[in-house]
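Peer 1: sequence unknown, structure follows:
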């Protein structure tokens with residue numbers, strides 16, 4: 001068979017592989033629909049470049065080899081950058097201005113070679129086709145294996161729904177989930193920031209501040225699924241296995257949670273203020289989802305795909321949508337009570353003061369070129385965003401009626417910061433597990449139970465205001481590591 005009759009499809013498969021590979025790396029926390037757009041768009045762009053280059057070179061086989069090599073280099077750049085960054089002695093080589101040189105050189109040299117070669121490329125095409133088939137099949141096997149694994153769990157409410165009361169007397173309820181808002185002691189000792197002024201303002205507005213508050217878990221999805229279902233989630237790990245990385249059951253627990261079901265049974269409108277995370281936005285039982293973006297390009301998966309590519313140095317520009325969602329939620333909070341006649345339960349997952357650090361202390365835009373979205377914590381950037389969210393929370397409180405009949409307001413951090421790296425010492429553990437936990441309980445003449453943790457928040461509220469009969473659980477804190485979300489260690493005594 002000569003080159004003119006040789007089938008060539010490796011440019012298409014190589015363009016599909018990076019999408020599938022990234023999906024398999026994150027399959028435990030991604031939904032299948034997130035891969036649809038890139039798996040269509042990337043091959044279309046690759047085929048377009050291949051066709052154009054074939055016309056220029058008048059040889060689709062040479063063009064195919066050049067495109068395939070370009071795709072491999074394009075989508076491997078971010079992975080190589082991450083590897084070099086993690087190796088301390090090679091960290092300087094990970095600087096984009098240095099790393100781009102070998103990538104550009106390899107592409108230029110191989111392009112010149114294939115343009116000038118007189119070879120028919122029979123063997124090269126066959127081998128490259130085979131490699132592309134093997135890579136795609138490998139990812140499809142992994143995806144299929146996960147897809148046919150039954151990880152569904154059945155969750156039952158602990159007790160009957162709470163009794164219905166007079167709807168006209170029900171207070172509005174705001175649950176403001178402040179991502180990575182650390183406790184006062186951590187802000188002082190780790191970030192050199194005195195948060196007492198903000199906390200005193202909350203106290204003036206009848207908030208109770210849980211002293212030295214601890215979270216129940218160190219990861220957002222774990223805390224959110226726990227607090228919204230008023231229970232610990234350790235049983236999920238027991239059912240799936242401690243080695244499971246699958247967090248889809250936690251997503252399901254968030255989407256159809258006991259807290260919102262209870263409020264809905266009482267006649268509340270369930271209002272969700274959207275975030276950049278689908279798991280905290282696409283709430284099944286919500287009556288209204290505000291600040292929801294239908295822009296598929298700016299999904300978490302697509303941003304991570306770009307982070308693995310040679311566009312990594314400029315990918316942070318995509319976080320304008322992330323900024324817009326935060327600003328939208330902050331603008332809706334003071335006004336949402338005017339939009340509904342029924343009492344409302346408002347859930348807002350604000351991805352701030354968590355990175356990316358794109359807000360100044362007054363909300364000013366930070367230049368996108370200075371924004372690098374990593375797991376590293378920029379202390380100054382973090383404190384700036386604490387200042388900004390403090391300001392917006394006080395503005396919110398100034399614009400809603402605060403009287404003895406309501407509203408109930410929970411301002412809660414899910415976990416602390418990670419500026420000192422992985423949790424492998426008491427100081428790092430404390431940094432991660434100490435949180436802001438501020439609760440406004442109007443007309444309540446009793447103090448909060450000492451050391452109350454997020455899991456008991458709505459148990460207390462339903463009991464005190466809505467005739468609930470929930471027992472308060474023992475306040476415990478459990479540590480788990482990235483990559484092993486259900487391998488819990490009880491660290492209560494260490495805190």
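Peer 2: In hand now; what should we look at? As the structure is a prediction and not an experimental result, all values here were calculated from the model. Numbering: from 1, shown residues only.

Peer 1: in stretch 259-279, what's buried?
Peer 2: 259-264, 266, 268-279 (16 or more other Cβ atoms under 10 Å). (Glycine included, C-beta is placed from N, CA and C.)

Peer 1: which residues are contacting stretch 193-211?
Peer 2: Applying Cβ atoms under 8 Å, 6 or more residues apart in numbering, the contact partners of stretch 193-211 are 184, 187-188, 383, 386, 390, 393-394, 397, 402, 409, 411, 437-442, 447-448, 451-452.

Peer 1: And that stretch, what's buried?
Peer 2: Neighbour-count burial for stretch 193-211, counted by 16+ other Cβ under 10 Å, picks out 193, 195, 198-199, 202, 206-210.

Peer 1: So which of the buried residues of stretch 259-279 belong to helices?
Peer 2: The helices, defined by DSSP state H, take in 259-264 from those.

Peer 1: ok, so of those, who is nearest residue 19?
Peer 2: Nearest to residue 19 among these is residue 260, at 34.0 Å by Cβ to Cβ.

Peer 1: Can you pull the domain assignment for the protein?
Peer 2: Domains of the chain are assigned by automatic domain parsing as 3-147, 167-494.

Peer 1: Rebuild the buried residues of stretch 193-211 as a markdown table, extending it with distance to residue 292.
Peer 2: Output for the buried residues of stretch 193-211, formatted as a markdown table (distance: Cβ to Cβ, whole Å):
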| residue | distance to residue 292 |
| --- | --- |
| 193 | 33 |
| 195 | 31 |
| 198 | 29 |
| 199 | 32 |
| 202 | 29 |
| 206 | 32 |
| 207 | 29 |
| 208 | 32 |
| 209 | 32 |
| 210 | 31 |
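
Peer 1: can these go into TSV with extra columns for pLDDT?
Peer 2: TSV is the format used below for the buried residues of stretch 193-211 (pLDDT from 0 to 100):
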residue	pLDDT
193	95
195	97
198	97
199	97
202	97
206	92
207	95
208	94
209	96
210	95
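
Peer 1: Which members of these occur in helices, if any?
Peer 2: With DSSP H as the criterion, helices contain 198-199, 202 from among the buried residues of stretch 193-211.

Peer 1: returning to that earlier point: name only those of the contacts of stretch 193-211 that count as buried.
Peer 2: Buried among the contacts of stretch 193-211 (16+ other Cβ under 10 Å): 184, 187, 383, 386, 390, 393, 397, 409, 411, 437-441, 448, 452.

Peer 1: Hmm, which of those residues is lowest in pLDDT?
Peer 2: Least confident of the buried ones among the contacts of stretch 193-211 in the model: residue 448, at 88.

Peer 1: Now do the SS call for that one.
Peer 2: Here residue 448 is recorded as coil under DSSP: H, G, I helix; E, B strand; the rest coil.

Peer 1: mind checking how far the nearest residue to it once chain neighbours are set aside is from residue 214?
Peer 2: For residue 448, ignoring the flanking residues on the chain, the nearest one in space by Cβ to Cβ, 6 or more residues apart in numbering is residue 208 at 4.7 Å. Relative to residue 214, residue 208 is positioned 16 Å away (Cβ to Cβ, to the nearest Å).

Peer 1: Could you do residue 187 as well?
Peer 2: On the measure of Cβ to Cβ, residue 187 and residue 214 end up 15 Å apart.

Peer 1: Does anything pack onto the helix or strand bottoming out on mean pLDDT in the chain? Which helices or strands?
Peer 2: In the chain, no helix or strand scores lower on mean pLDDT, DSSP states H and E than helix 300-307, which sits at a mean of 80. Judged by 3 or more Cβ pairs under 8 Å, 6 or more residues apart in numbering; DSSP states H and E, helix 300-307 is in contact with helix 10-25, helix 36-57.
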